[in-house]
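J.: how does the following fold in three dimensions:
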Amino acid sequence: MPPPMPAGAGEVADALRAAARLGPYFAITLDADGLGDAGRPPSDGAEPAEEADRAWRPLPERDPGRLARLTDLYAGRLGTRERRVAASILFQGLASRLWSPVVAAAARGVVPDLSGLHWRWAPGAPIALRLAEPRGHRAAGPAEAAGLVHDQVVTGQLEPLRETMLTFVGLADGLLWGNAASALAGSLNVGPRDAVRAALVRELLARPPLAGAGAFGPHGFVRRNCCLYYRVPPGGEMCGDCGLRRPPRRGGPPPR
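T.: Numbers count the residues shown, from 1 in each chain. A predicted model of the protein is given here:
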């Protein structure tokens, strides 16, 4: 199979801007759009949780101490004392932010290169993403696009994020990749129905490590495990795609 064709900077930028029109979770800001100074910290008056990371940080995040502090601050925002719950939900949130714009752009035939990707988190807002240069490849059809997206999101971002998180918190692989699968399937719930995007999502869900993490049924995607959100106080709330019929009793074995 011939190597994928590089896409021009203008093609990548146009695909990312089109993706961003679907909503904030689909946005990757480009420095070319006039945000070359976006690394400046937020203005004074920021809430304490924002103190964890005032500047843009490279993704994947490889600093365990920084990610652990952010996870603990995230736990405080959620009102839980369980670091693994906060880490699980943070992982799912990052997965959602990575999948959404990349898959939407790929459905237009262009897969952005996430080298040089940076992120910033602030309470009450989607995780912000920024790219210095719009680079990428053209993709001919869902199969080729899925391979390119998998390389950029799973291999390039989620696997290193998993490795960093596992240095300070215990999370089962089934849970983490279930979170990633849930985030990917959930990206289809935003914007108009798009057969190309849906085909790409199904292609990605059939590839390891997402294969077997869940499946589409009559009422949408259902995962085979739980992200632990039910443990966020006051407790009992379950996500729409949760594979559990009811929350397990506290003190029982954690979902995998």
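
J.: confirm Pro2 sits in a helix?
T.: No. Read with DSSP: H, G, I helix; E, B strand; the rest coil, Pro2 is coil and lies in no helix.

J.: compute the number of surrounding residues for it.
T.: Pro2: 5 surrounding residues under other CB atoms under 10 Å. To be clear about C-beta, it is placed using only N, CA and C from the backbone, and glycine gets the same treatment.

J.: quick one: it from Ala213, how far?
T.: Remark: distance between Pro2 and Ala213 (CB to CB, to the nearest Å) = 31 Å.

J.: do the same with Ala95
T.: For Ala95 relative to Ala213 (CB to CB), the value is 12 Å.

J.: give the residues shared as contacts by the two.
T.: Ala180 (CB atoms under 8 Å, 6 or more residues apart in numbering).

J.: ok, now which ones touch Leu30?
T.: Contacts of Leu30 by CB under 8 Å, 6+ apart are 13, 16, 130-131, 134.

J.: Throw those into a markdown table and include neighbour count and pLDDT, thanks.
T.: Formatted as a markdown table, the contacts of Leu30 follow (neighbours: other CB atoms under 10 Å; pLDDT from 0 to 100):
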| residue | neighbour count | pLDDT |
| --- | --- | --- |
| Ala13 | 23 | 96 |
| Leu16 | 26 | 97 |
| Arg130 | 21 | 94 |
| Leu131 | 24 | 94 |
| Pro134 | 24 | 94 |
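
J.: quick one: pLDDT of Pro6?
T.: At Pro6, the predicted lDDT confidence score is 89.

J.: model confidence over stretch 162-178, on average?
T.: 96.

J.: identify the residues contacting it?
T.: 60-64, 67-68, 71, 83-84, 87-88, 91, 209-210, 213-214, 223-228, 243, 254-256.

J.: show me which pair in the contacts of Leu30 is furthest apart.
T.: For the contacts of Leu30, the farthest-apart pair by CB to CB is Ala13 and Arg130; their separation is 13.1 Å.

J.: so Glu61: helix, strand or coil?
T.: From three-state DSSP, the assignment for Glu61 is coil.

J.: check contacts around it.
T.: So Glu61 contacts 67, 119, 161, 164 (CB under 8 Å, 6+ apart).

J.: just checking, next helix/strand downstream of the helix or strand where Ala183 lies?
T.: Here Ala183 sits within helix 173-186, counting by DSSP states H and E. The helix or strand immediately downstream of helix 173-186 is helix 195-205, counting by DSSP H and E.

J.: returning to that earlier point: can you flag which of the contacts of Leu30 belong to helices?
T.: 13, 16 (DSSP state H).

J.: can you pull out the low-pLDDT segments for the stretch 151-256 of the chain?
T.: 236, 245-256 (pLDDT under 70).

J.: repeat that for 50
T.: 246-256 (pLDDT under 50).

J.: equivalent analysis for the stretch 1-150 of the chain, please.
T.: Ranges of the stretch 1-150 of the chain meeting pLDDT under 50: 34-53.
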